[in-house]
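J.: sharing a model prediction with you, sequence too.
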Amino acid sequence: MRYLLLTFSCFLYALTTVAQTGLRGTVKNAKGEALPFAAVVIKGTTTATRPKGTITNAEGQYEIALAPGNYATTFQVLGFQPIQNT
């Protein structure tokens with residue numbers, strides 16, 4: 001019975017891992033320098049999902065979990081104009 005529960009829980013974990021995807025990257029300026037503490041906002045373009053957001057770390061890196069789909073990404077840093085990618 002324990003073996004069955006362990007197998008089932010591993011199967012559920014695998015399903016949630018496969019069902020989730022994400023986006024990660026580094027926000028950089030035109031010179032290629034990392035921009036720390038930039039705002040990253042993700043909005044679904046084909047689904048009615050709520051926007052998600054995060055802030056880059058001190059090295060300009062970010063990571064956010066997303067369900068599969070199409071998204072528009074907006075990056076914003078104080079002193080710079082926002083940039084939107086679709």
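T.: Perfect, thanks for sending it. Residues are numbered from 1 along each chain as shown.
J.: I'd assumed Asn29 was in contact with Phe75.
T.: No - here Phe75 lies out of contact with Asn29, judged by Cβ atoms under 8 Å, at a distance of 10.7 Å. No exception for glycine: its C-beta is placed from N, CA and C like everyone else's.
J.: and those two? Which one has more around it.
T.: In this view Phe75 and Asn29 are compared by other Cβ atoms under 10 Å, and Phe75 has more residues nearby, 19 against 12.
J.: excluding chain neighbours, what is closest to that one?
T.: Ile83 (5.0 Å; Cβ to Cβ, 6 or more residues apart in numbering).
J.: how close does the one you found sit to Thr74?
T.: Ile83 is 7 Å from Thr74, where distance means Cβ to Cβ, to the nearest Å.
J.: thinking again about what came up before, wait, what's in contact with the residue nearest to Phe75?
T.: Counting by Cβ atoms under 8 Å, 6 or more residues apart in numbering, Ile83 touches 74-76.
J.: Phe80: how many residues sit nearby?
T.: Residues near Phe80, counting by other Cβ under 10 Å, number 13.
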